[in-house]
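> need a structure here:
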Amino acid sequence: MSKKEEESKRMRYLVIGIATVTIWATCYSLYKPLPDGFTVSAWDRAVMHIVEPALRVAYYYPSHMFSKASSMVQWTRGALNFLSKSLGLLVNTHGEIEIKWQKWNGTPVKVYRPINNQTSTDGAVLFIHGGGFALGNVEMYDSLVRRMAYETRTLFISIEYRLSPETVFPGGIMDCEAAIKHFVEFGPAQFGIDTSKMVIMGDSAGANLATVIAQRRAARNASPKLAGQVLIYPLLQMADLQTVSYRYFHSRLDGYALVDPESVAYYYMFYAGINMDEKAYLVPSVMSNGHVADHLKQKIDEIMVFEKTIELTRRYKNSSIPQRWAVRKNLEAQQLMEPFLTNPDFSPLMRKDLSNLPQTMVVTCEFDVLRDEGLIYAHRLEVSTAGVPTTTVNYENGFHAMLNFHSELHEASKAVYDIERWTLNAINIVS
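Predicted coordinates:
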């Protein structure tokens, strides 16, 4: 071997060595041990040890570099839209689901219909995607909805409502209700379905919208009544960001690419129409509940009373949960948020009258800041004077937004199966 060839060989080894060390060092610096119980199977934990750091690199770290909150939203939208294309690739409907875009009363919807109307029911599911009112879209949830439409052999309608901060409260509600109004009027003729067998379903902020729509229909005794509602890790209130599940996040999950208290505050305030490019300084106060005016506290405490039971019984495998920290009162935040905190169309957990609501499935996840409000709402439905039939499932190894990984994680796939089974039962028991 010539001297030139030897030098070339050494150079290749050097490059390979540097690349190996760089990759190892990067992986080491990104590694964060998952909490005990975060996903249950070895496969799921291995997947999340890859996915969670990838999410931190793709959107979590970059989004915190922007000086404007609106820029953070734009980056996060783009990153999540791109990453979502790599999920659900194993979903195969075998050509048995017809998928078409339509526009109903100005709102785009994506229709998932079994070919030749070969349905197992004559009902339908109205699906509303999540994303903190500011992120997500129908395409991001396409594989999940396709899967459910195929496995349940049921018509699914996925609603593309407008997002904040471009469209603020109550714009998303109006979009969804406009689409549903069209479906109620024309659905039976177009799809051969029975509109008394409609189930409304949503996750996160989409579950907020689903809850609000169900409550509004119940309040005005709208016909037809919904056959059921499925609320998947719902975002239901902004009055208490110091629940046990919020405090656990601060003590154990801070810095992970999971839904975090700061993001909830930003996105909910964007939805309220507050310019967070100018008002970002209010977020620390909001995260301590300093945005809650004194005269609202009694009403809020009455609604949140079950929270005391959660504090005593839900202890994250006896992990140390921080005590509530000092409230940083802020008069400006109180004035801006006062119209929203007890408004049930914005914070549906705050609605006192829960009568006339359809049977409900509430899905919560242990490693989710929103866990407690979902549990509180489920409890209130069960003990309300109406005694709403309620199925509560808390996935003790689950985390917020895990259904987006329904093809990759066993825990998420099991949740999809549970939701499908409940939904079919809700549709089929309607006479």
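
> could you chop the chain up by domain?
1-29, 31-431 (automatic domain parsing).

> give me the helices and strands touching the helix or strand where residue 110 lies, please.
Using DSSP states H and E, residue 110 sits in strand 107-114. Counting contacts by 3 or more CB pairs under 8 Å, 6 or more residues apart in numbering; DSSP states H and E, strand 107-114 packs against strand 97-104, helix 142-152, strand 155-159, helix 171-191. Just so you know, the C-beta spots here come from the backbone N, C-alpha and C atoms, and that holds for glycine as well.

> of those, flag the one that's most buried.
strand 155-159 (a mean of 27; mean count of other CB atoms under 10 Å).

> let me see the mean pLDDT of that strand.
Taken as a whole, strand 155-159 has a mean pLDDT of 98.

> between that strand and helix 142-152, how big is the angle?
160 degrees (axes from the mean of the first three to the mean of the last three CA atoms, to 10 degrees).

> now for the helices and strands packed on strand 107-114, which one comes closest to residue 390?
Among the helices and strands packed on strand 107-114, helix 142-152 comes nearest to residue 390, with 20.9 Å by CB to CB.

> got a list of what the residue lying closest to residue 280 once chain neighbours are set aside touches?
Excluding its sequence neighbours, the residue lying closest to residue 280 (CB to CB, 6 or more residues apart in numbering) is residue 69, at 5.5 Å. Residue 69 makes contacts with 266, 270, 276, 277, 280, as judged by CB atoms under 8 Å, 6 or more residues apart in numbering.

> let's verify the fourth one: helix, strand, or coil?
With DSSP: H, G, I helix; E, B strand; the rest coil as the basis, the three-state label of residue 277 is helix.

> you'd agree it is up against residue 68?
Yes. Using CB atoms under 8 Å, residue 277 makes contact with residue 68 at a distance of 4.6 Å.

> which of those two has more residues huddled nearby?
residue 277 (15 against 12; other CB atoms under 10 Å).

> mind listing the strands for the stretch 251-400 of the chain?
Ranges of strands within the stretch 251-400 of the chain are 360-367, 390-399, based on DSSP state E, counting those that start in this stretch.

> mind putting those strands in a markdown table, mean pLDDT, mean neighbour count and distance to residue 207 included?
Listed next are the strands of the stretch 251-400 of the chain as a markdown table, based on pLDDT from 0 to 100; neighbours: other CB atoms under 10 Å; distance: least, CB to CB, whole Å:
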| stretch | mean pLDDT | mean neighbour count | distance to residue 207 |
| --- | --- | --- | --- |
| strand 360-367 | 97 | 25 | 9 |
| strand 390-399 | 96 | 20 | 14 |
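
> could you dump the ones you listed into JSON lines and include distance to residue 97?
Formatted as JSON lines, those follow (distance: least, CB to CB, whole Å):
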{"stretch": "strand 360-367", "distance to residue 97": "23"}
{"stretch": "strand 390-399", "distance to residue 97": "26"}
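
> for the residue nearest to residue 280, what are phi and psi?
phi -60, psi -30 (degrees, to the nearest 10).

> tell me how far the helix or strand encompassing residue 79 lies from the chain's centre.
Counting by DSSP H and E, the element that carries residue 79 is helix 69-84. Offset of helix 69-84 from its chain centre (CA atoms, centre = their mean, to the nearest Å): 16 Å.

> so which residues of the stretch 201-350 of the chain form helices?
Using DSSP state H, counting those that start in this stretch, the helices found in the stretch 201-350 of the chain span residues 205-219, 244-248, 261-271, 276-279, 283-287, 297-303, 307-313, 331-341.

> quick one, which of these is nearest to residue 379?
Across the helices of the stretch 201-350 of the chain, residue 379 has its closest neighbour in helix 307-313 (7.9 Å, CB to CB).

> now that closest one: buried residues?
Buried residues in helix 307-313, counted by 16 or more other CB atoms under 10 Å: 307, 310.

> now do the contacts for residue 159.
Contacts of residue 159 (CB under 8 Å, 6+ apart): 107, 109, 126, 127, 128, 129, 138, 175, 176, 179.

> can you lay out the residues you listed as JSON lines showing distance to residue 307 and pLDDT?
Below are these laid out as JSON lines (distance: CB to CB, whole Å; pLDDT from 0 to 100):
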{"residue": "107", "distance to residue 307": "36", "pLDDT": "98"}
{"residue": "109", "distance to residue 307": "37", "pLDDT": "98"}
{"residue": "126", "distance to residue 307": "30", "pLDDT": "98"}
{"residue": "127", "distance to residue 307": "29", "pLDDT": "98"}
{"residue": "128", "distance to residue 307": "26", "pLDDT": "98"}
{"residue": "129", "distance to residue 307": "28", "pLDDT": "98"}
{"residue": "138", "distance to residue 307": "34", "pLDDT": "98"}
{"residue": "175", "distance to residue 307": "32", "pLDDT": "98"}
{"residue": "176", "distance to residue 307": "29", "pLDDT": "98"}
{"residue": "179", "distance to residue 307": "34", "pLDDT": "98"}
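
> pick the one among those residues closest to residue 257.
Nearest to residue 257, judged by CB to CB, of the contacts of residue 159 is residue 129 at 19.0 Å.

> so how far is residue 37 from the closest one?
27 Å (CB to CB, to the nearest Å).

> can you pull the phi/psi pair for residue 36?
Torsion angles, degrees, to the nearest 10, at residue 36: phi -60, psi 130.

> the nearest residue to it once chain neighbours are set aside: neighbouring residues, count only.
Nearest residue to residue 36, sequence neighbours excluded (CB to CB, 6+ apart): residue 317, at 6.1 Å. Neighbour count for residue 317, taken as other CB under 10 Å: 9.

> do the same with residue 134
For residue 134, the count of nearby residues is 25 (other CB under 10 Å).

> gap between it and residue 69?
10 Å.

> common neighbours of these two, please.
residue 270.

> give the contact list for residue 333.
Residue 333 touches 282, 285, 286, 290, 291, counting by CB under 8 Å, 6+ apart.

> just for the stretch 301-431 of the chain, where's the confidence low?
318, 430-431 (pLDDT under 70).

> now with 90?
311-322, 383-387, 429-431 (pLDDT under 90).

> any idea how far residue 247 is from residue 66?
27 Å.

> who's more crowded, those two?
Neighbour count, other CB under 10 Å: between residue 66 and residue 247, residue 247 has more, with 21 against 15.

> who's in contact with the closest residue to the more buried one other than its chain neighbours?
Beyond its immediate neighbours in the sequence, the residue positioned closest to residue 247 (CB to CB, 6+ apart) is residue 322, lying 5.0 Å away. Residue 322 sits next to 247, 250, 251 when contact means CB under 8 Å, 6+ apart.
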